[in-house]
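Visitor: With the input below, show me the fold.
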Amino acid sequence: MAPLTDEMLDRAETLIEALPYIREFYGKPIVVKYGGAAMQDESLKRNVMSDLILMKYVGMRPVLVHGGGPRITEMMERVGKKSEWVDGLRVSDEETASLAEMVLAGAINKEIVSLINRLGGQAVGLSGKDANLISARRHVREATAGERDETHVDLGFVGDITHVDPRILHVLDAEGFIPVIAGTSFGDKGETYNINADTAAGEVAAALRAEKLIVLTDVRGVLRDPTDTESLISTIRVSEIRALRDDGVFGRGMIPKVDACAKAVEDGVPKAHIIDGRIPHSLLLEVFTRGGIGTEIVPD
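Guide: Residues are numbered from 1 along each chain as shown. Next up is the predicted model:
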């Protein structure tokens, strides 16, 4: 028998600390939006997928919604197209929407599914088109003062979600699979829409009545001063978001993340979290520890 060590005792304490959270979240959906550095670094990729598998094995019901912006940009550059962004959303003509679908659903989605399966989990890849999971319509953004004279700014084939039908997710979950969702969808006429992954994750969380929405990003969370990593805002109530936005707290890339979290919470998700996906096993730290990490967005 191996001698008892402090390291072994620490591991036991860690497991005991996790027990109340395993009990609390047992049998409940948890939606994870996967993006940023956690998709680029091979070690972080394995960490995230291992975290999801552990969550599944202890009785939680994880659902992964992923982005892939840098890979889409890379593909666009290969074909001579330049990316343009408005409020963190990629302006998408018909060709761009088609390229995004090819990269997200045809490449990244299958890579994630393959990795989960190789690490001992069971995953199935989906896009919003599968089983009518996500329906969408063309996004129209109101112009703000000083932009230009037109009433609206047209982002092309960027979609606003009109409906999420979660039945296929329930079927996969019941059979022990982790659903992995790419943010593409279709409209009434069959046109392909590029759906922001943060937005898709928020809507999926609401449709599933998830216990949590967790958004992985490349900063500690919402920072009051983007240049000061110590200015983390630990908790934001939904009613505080407008004032923070007016104060310029949310940068371009943070806007869709905060909006997705706020929408999910307003639609009944108890808490949403924006956390640093660069931290190894950040999902486990958020779900299984007392303090958690990052910024939580909660109801009033």
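Visitor: What values do phi and psi take at the most centrally placed residue in the chain?
Guide: The residue lying closest to the centre of the chain (Cα atoms, centre = their mean) is residue 33, at 1.5 Å. Backbone geometry at residue 33, expressed as degrees, to the nearest 10, gives phi -90, psi 120.
Visitor: Chain neighbours aside, what residue packs nearest to it?
Guide: Sequence neighbours aside, residue 201 is the residue nearest to residue 33 in space, at 3.7 Å (criterion: Cβ to Cβ, 6 or more residues apart in numbering). Every C-beta, even on glycine, is put in place using the N, C-alpha and C of the backbone.
Visitor: ok, back up a step: so the residue nearest to the centre of the chain touches residue 68, yeah?
Guide: No - Residue 33 is beyond contact range of residue 68, at 11.8 Å (criterion: Cβ atoms under 8 Å).
Visitor: Where do the strands of this protein begin and end?
Guide: Secondary structure of the chain (DSSP state E): strands at 29-34, 61-66, 85-86, 89-90, 123-127, 134-142, 152-164, 178-182, 184-186, 192-194, 212-217, 235-237, 271-276, 295-298.
Visitor: Can you lay out those strands as JSON lines showing mean pLDDT and distance to residue 20?
Guide: Listed next are the strands of the chain as JSON lines, based on pLDDT from 0 to 100; distance: least, Cβ to Cβ, whole Å:
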{"stretch": "strand 29-34", "mean pLDDT": "97", "distance to residue 20": "16"}
{"stretch": "strand 61-66", "mean pLDDT": "97", "distance to residue 20": "18"}
{"stretch": "strand 85-86", "mean pLDDT": "76", "distance to residue 20": "42"}
{"stretch": "strand 89-90", "mean pLDDT": "78", "distance to residue 20": "39"}
{"stretch": "strand 123-127", "mean pLDDT": "97", "distance to residue 20": "28"}
{"stretch": "strand 134-142", "mean pLDDT": "82", "distance to residue 20": "34"}
{"stretch": "strand 152-164", "mean pLDDT": "83", "distance to residue 20": "31"}
{"stretch": "strand 178-182", "mean pLDDT": "97", "distance to residue 20": "23"}
{"stretch": "strand 184-186", "mean pLDDT": "89", "distance to residue 20": "38"}
{"stretch": "strand 192-194", "mean pLDDT": "89", "distance to residue 20": "40"}
{"stretch": "strand 212-217", "mean pLDDT": "95", "distance to residue 20": "15"}
{"stretch": "strand 235-237", "mean pLDDT": "94", "distance to residue 20": "20"}
{"stretch": "strand 271-276", "mean pLDDT": "95", "distance to residue 20": "16"}
{"stretch": "strand 295-298", "mean pLDDT": "94", "distance to residue 20": "17"}
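Visitor: what would those strands look like in JSON lines with distance to residue 114?
Guide: Formatted as JSON lines, the strands of the chain follow (distance: least, Cβ to Cβ, whole Å):
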{"stretch": "strand 29-34", "distance to residue 114": "15"}
{"stretch": "strand 61-66", "distance to residue 114": "13"}
{"stretch": "strand 85-86", "distance to residue 114": "30"}
{"stretch": "strand 89-90", "distance to residue 114": "26"}
{"stretch": "strand 123-127", "distance to residue 114": "8"}
{"stretch": "strand 134-142", "distance to residue 114": "23"}
{"stretch": "strand 152-164", "distance to residue 114": "25"}
{"stretch": "strand 178-182", "distance to residue 114": "10"}
{"stretch": "strand 184-186", "distance to residue 114": "19"}
{"stretch": "strand 192-194", "distance to residue 114": "23"}
{"stretch": "strand 212-217", "distance to residue 114": "19"}
{"stretch": "strand 235-237", "distance to residue 114": "36"}
{"stretch": "strand 271-276", "distance to residue 114": "25"}
{"stretch": "strand 295-298", "distance to residue 114": "32"}
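Visitor: Nearest to residue 10, out of those strands?
Guide: strand 271-276 (23.1 Å; Cβ to Cβ).
Visitor: what's the span of stretch 289-298, first residue to last?
Guide: 18 Å (Cα to Cα, to the nearest Å).
Visitor: Let me fix that, I meant to ask about stretch 25-41.
Guide: 29 Å.
Visitor: repeat for stretch 111-125
Guide: 9 Å.
Visitor: So which residues make contact with it?
Guide: 34, 45-46, 49-50, 52-53, 56, 64, 66, 105, 109-110, 172, 176-182 (Cβ atoms under 8 Å, 6 or more residues apart in numbering).
Visitor: for the chain, what spans make up the helices?
Guide: 6-25, 42-57, 69-78, 94-103, 109-118, 167-174, 197-208, 241-246, 255-266, 282-288 (DSSP state H).
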